[in-house]
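Enquirer: pasting the sequence and the predicted coordinates here, then a few questions.
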Amino acid sequence: MIPLILVIDDDKTLNRLMVGQLNKMGYAAIGVFSWAEAQTYLQQHTPHLILLDCQLPDARGNQILNQLIPDYPVIIITGYGSVKDAVTAMRSGAAEYLLKPVNMDELELVIRRTLDTHTMKKEFMYLKEQVQKRKSFMVGQSVALKEVEKMIAAVAPSSMTVLIQGESGVGKELVAREIHERSQVASRGYVALDCCTMQESLFESELFGHEKGSFTGADRQKKGLIESAEGGTLFLDEIGEISPTIQAKLLRVLETGRFRRVGGTRDLTANVRIVAATNRNLLEMAHEGTFRADLFYRLNAFTIFVPPLRERKDDIDALIDHFISNHDFSRRVNKQLTEQARNKLRAYPWPGNIRELKNVVERAIILSGDAARIAPEHITLRNEDAAPYSHQAARKGLHLDFEQEPTLEDLERRYLGVLLEKFAGHRGKVARTLGISERNVYRLLRKYEFSEF
């Protein structure tokens, strides 16, 4: 395709000379003598490059430059008296500038360089876009997921605090990472902290850092995750599990952008974007007094709800294929699910959501061995492998039946399941029965993927 060049210059002699020379060079050039004429032309044509005079009768070049960039590469033409304007134009995004009278050999060289650079930029942006699409952590094409992606696209470029809500296993951390990758700070740090997996005594130090000698064993100063994520994103998973003390300190970070290390006396600046996630109803917790209402409203500046997998079944096939293609074992054998196996997975309600689907698919890959086809018998679902236990015996004492010698984890998981069913999922009663805190019950629920409770 012959490049189309628009020359905007009120000097008719120079304009016609440049148009003639450009056509001889093999370009398709056309000249206009005012900004009004240029606007009319641009409504119907899309030039590959624009030569723009700084001084037009109806507008200054620098004033209209922002309307042309980034749609067109622009070369500024300036007289000796307006070099300052040319420098300003370059800072505003002009590709090059030339001084009048224009040397035609130099003009040809500058045009070729500008067109080549613009082509490379377009190719780079295209490749970057394609890489971003492949890099996307979101898998699926359901209407529900597209709505989530729309919300991500809206909030990612801002610095707003985001709260991600949804059941366990729906992929809330993937949403958080997607927000970071699409943000203005994607090249900076992304740090994640699971708020329910760490002992409360260590949590404050992990998040805020500590000074040397602030507690037993603090033999040196340590930066917390807020500092580690400097200029980037800090993701706080299961924010509903943090203690009232941490809630108060986190609220200060969100309100003032300041914090102190444990044992510190000096305020530090928190230059970090906070994205939080929870599978609990924080508003209900705020009403009950177990979560600070002011912190909830700070976190709730922008909320994204991630629907459970049972509400986005159109994504199941895409997720299956994604898990298979990214599994090391499947690279040795080109694994495929039979249609009967897919139907089995489509029909299951997935109480553990995407995490459970991933585990089931990976287990099926291993059970299918060297076979290329994954059949229904290779797929084990929770409602098929649950070993029975006796309610009658439980009245006098607990009796758990196992098909083979159980491990300690088998016993722990089964007993937890019995108590959850007995108390209808009430964590407080389960905690009192086990003699542990609700926080530790929650850890066990996550460990054994009791996501429905």
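Expert: Yes, it's here. Numbers count the residues shown, from 1 in each chain.

Enquirer: tell me the helix or strand right after the helix or strand hosting Met120.
Expert: Element membership of Met120, judged by DSSP states H and E, is helix 104-135. The C-terminal neighbour of helix 104-135 among helices and strands, as given by DSSP H and E, is helix 143-155.

Enquirer: and that next one, which residues are buried?
Expert: 144-145, 148-149, 151-152, 155 (16 or more other CB atoms under 10 Å). Every C-beta, even on glycine, is put in place using the N, C-alpha and C of the backbone.

Enquirer: same thing with stretch 155-171?
Expert: Buried residues in stretch 155-171 (16+ other CB under 10 Å): 155-156, 161-171.

Enquirer: quick one: contacts for the residue lying closest to Ser34 once chain neighbours are set aside?
Expert: Of all residues not flanking Ser34 in the chain, Asp58 sits nearest, at 5.1 Å (CB to CB, 6 or more residues apart in numbering). Each residue near Asp58 by CB atoms under 8 Å, 6 or more residues apart in numbering is listed here: 34-36.

Enquirer: please list the members of those residues that lie in strands.
Expert: Among the contacts of Asp58, no member falls in strands (DSSP state E).

Enquirer: how about a markdown table for those, with distance to Pro244 added?
Expert: Below are these laid out as a markdown table (distance: CB to CB, whole Å):
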| residue | distance to Pro244 |
| --- | --- |
| Ser34 | 68 |
| Trp35 | 63 |
| Ala36 | 66 |
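
Enquirer: give me the buried subset of those.
Expert: Trp35.

Enquirer: quick one: low-confidence parts of the stretch 101-250 of the chain?
Expert: In the predicted model, the stretch 101-250 of the chain carries pLDDT under 70 at residues 126-137.

Enquirer: for the stretch 301-450 of the chain, that is, sorry about that
Expert: 328-333, 383-405.

Enquirer: ok, so of the contacts of Asp58, who is nearest Ile365?
Expert: Trp35 (63.8 Å; CB to CB).

Enquirer: nearest spatial neighbour of the closest one, chain-adjacent residues omitted?
Expert: Ala59 (4.1 Å).

Enquirer: pull out the buried positions in stretch 104-120.
Expert: Quick answer for stretch 104-120 (16+ other CB under 10 Å): 107-108, 110-111, 114-115, 118.

Enquirer: between these, which is closest to Val175?
Expert: Using CB to CB, the buried residues of stretch 104-120 come closest to Val175 at His118, 35.2 Å.

Enquirer: measure that closest one to Ala94 for me?
Expert: Separation of His118 from Ala94 (CB to CB, to the nearest Å) stands at 12 Å.

Enquirer: got it, and Leu345?
Expert: 56 Å.

Enquirer: neighbours around Arg355, how many?
Expert: 17 (other CB atoms under 10 Å).

Enquirer: so it is in which element?
Expert: Arg355 belongs to helix 353-367 when elements are defined using DSSP H and E.

Enquirer: other SSEs contacting that helix?
Expert: helix 316-325, helix 339-347 (3 or more CB pairs under 8 Å, 6 or more residues apart in numbering; DSSP states H and E).

Enquirer: and that helix, how far from the chain's centre?
Expert: 24 Å (CA atoms, centre = their mean, to the nearest Å).

Enquirer: what does stretch 93-100 give?
Expert: 39 Å.

Enquirer: again with stretch 163-172
Expert: On CA atoms, centre = their mean, the centre of stretch 163-172 falls 13 Å from the chain's centre.

Enquirer: and that stretch, end to end?
Expert: One end of stretch 163-172 to the other measures 10 Å (CA to CA, to the nearest Å).

Enquirer: who's in contact with it?
Expert: 137-138, 175-176, 237, 239, 275-279, 282, 299-309, 352-356, 445-446, 449, 451.

Enquirer: buried stuff in stretch 421-430?
Expert: 423, 427, 430.

Enquirer: doesn't Asn440 make contact with the second one?
Expert: No. The pair Arg427 and Asn440 does not pass the contact test of CB atoms under 8 Å, sitting 10.1 Å apart.

Enquirer: my guess is Phe291 contacts Ala248. True?
Expert: No. Counting by CB under 8 Å, Phe291 does not reach Ala248; the two are 11.6 Å apart.

Enquirer: give me the more crowded residue out of the two.
Expert: Each of Phe291 and Ala248 has its neighbours counted (other CB under 10 Å); Phe291 has more, 23 against 13.
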